[in-house]
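Asker: no FASTA, just this:
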């Protein structure tokens, strides 16, 4: 007999919380739109069984020890927005020496990625639920990340919604504080006006330099798989642009750790 949840009963008692940060933080402009869609039986099973082991609710109430979270001292790349997780799992499998902390608010995707990690024995994936800004600002330590990936974020195409786009100067400043010198920010989008904005703000930001010697967009690196979403965009005639910018070490900032975590392997252009 089908179980009917009582009002207020969590959807997955041992899984991700609906609003992990609660009312602890101000309601800033959200760069993401929570999506509520059907969770399959397999995804639900993965959420129930694997979330206590590989899941992380972004509550903003504690600082994360990434070495403890993953059980090793390997470099950690933060991925913001992973959809259904197929590309994340493929990247984790091809680079077992790099840990991936993957953040999203899409419950079916969280369950799907957990299932992929289990089936493919990918111990270098952890799945985080909630607002990536709170994760960066409240829960990660300076220079603790070896890279940042933002693939196909919501383009918020309407002009009045542009302020909701994730890649903005303020976000890059926050991200820079958590990235080790030499770490690479890798963005990809099939929305050309957003790609141009990304290029503009990344080029202008003092904490980053383009890995492409002459500036501009980068060729799609081999480590980024082509996703189903990307394929749909290409079928519609969209142009996909990749941007790879390196976190620079400022000569006048000796506090920036030179011996932070290793960085993920990226081409230098």
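Answerer: Structure received. Since we're looking at a predicted model, the values are computed, not measured.

Asker: can you show me the helices along the stretch 101-250 of the chain?
Answerer: All helices of the stretch 101-250 of the chain, identified by DSSP state H, counting those that start in this stretch, fall at 107-119, 132-134, 169-178, 192-204, 228-235.

Asker: what lies in contact with the first one?
Answerer: What that stands for is helix 107-119. 11-12, 15-16, 36-40, 42-47, 50-51, 54-55, 82-86, 88-89, 92, 102, 104, 122-123, 125, 127, 129 (CB atoms under 8 Å, 6 or more residues apart in numbering). The way it works is simple: take the backbone N, C-alpha and C, and place the C-beta from them, glycine included.

Asker: so which of these sit within strands?
Answerer: Assigned to strands by DSSP state E, the following of the contacts of helix 107-119 qualify: 55, 102, 104, 125, 127, 129.

Asker: look up how far residue 165 lies from the closest residue to the third one other than its chain neighbours.
Answerer: Computed as CB to CB, 6 or more residues apart in numbering, the closest residue to residue 104 that is not its neighbour in sequence is residue 82, at 5.2 Å. Separation of residue 82 from residue 165 (CB to CB, to the nearest Å): 18 Å.

Asker: please apply the same query to residue 100.
Answerer: In terms of CB to CB, residue 100 sits 23 Å off from residue 165.

Asker: on that earlier part again, any idea how far residue 225 is from the residue nearest to residue 104?
Answerer: Using CB to CB, one gets 12 Å for the distance from residue 82 to residue 225.

Asker: more neighbours, the two?
Answerer: Applying other CB atoms under 10 Å to residue 82 and residue 225 shows that residue 82 carries more neighbours, namely 27 against 15.

Asker: got the phi/psi numbers for that one?
Answerer: phi -120, psi 10 (degrees, to the nearest 10).

Asker: look at it and report its pLDDT.
Answerer: If you check residue 82, the pLDDT there is 95.

Asker: can you check residue 1 too?
Answerer: Per the predicted model, pLDDT is 44 at residue 1.

Asker: could you list the low-pLDDT ranges of the protein?
Answerer: For the chain, the stretches with pLDDT under 70 are 1-11, 13, 22-37, 156, 252-269.

Asker: in stretch 96-114, what's buried?
Answerer: Within stretch 96-114, the residues scored as buried using 16 or more other CB atoms under 10 Å are 98-114.

Asker: oops, could you answer that again for stretch 57-66 instead?
Answerer: For stretch 57-66, by 16+ other CB under 10 Å, it's 57-60, 64, 66.

Asker: residue 129 contacts residue 105, doesn't it?
Answerer: Yes - between residue 129 and residue 105 there is a contact at 6.6 Å, judged by CB atoms under 8 Å.

Asker: rewinding a little: quick check, nearest of the buried residues of stretch 57-66 to residue 230?
Answerer: residue 58 (26.2 Å; CB to CB).

Asker: quick one, what contacts the closest one?
Answerer: Residue 58 neighbours (CB under 8 Å, 6+ apart): 20-21, 103, 128-132, 134-135, 139.

Asker: got a list of what residue 100 touches?
Answerer: 76-77, 79, 88, 91-92, 124-126.

Asker: nearest to residue 235, of the ones in strands among the contacts of helix 107-119?
Answerer: Distances from residue 235 to these, taken by CB to CB, are shortest for residue 104, at 23.9 Å.

Asker: beta partners of that closest one?
Answerer: residue 129 (DSSP bridges).

Asker: surely it and residue 81 touch.
Answerer: Yes - Residue 104 is within contact range of residue 81, at 5.7 Å (criterion: CB under 8 Å).

Asker: in this structure the residue nearest to residue 104 contacts residue 102, no?
Answerer: Yes - Residue 82 lies in contact with residue 102 (CB under 8 Å); the separation is 4.7 Å.

Asker: name the residues contacting each of these two.
Answerer: Contacts common to residue 82 and residue 102, judged by CB under 8 Å, 6+ apart, are 88, 113.

Asker: now stretch 160-176: buried residues?
Answerer: Of all the residues in stretch 160-176, those buried under the rule 16+ other CB under 10 Å are 164-168, 171-172, 174-176.

Asker: cheers, nothing more for now.
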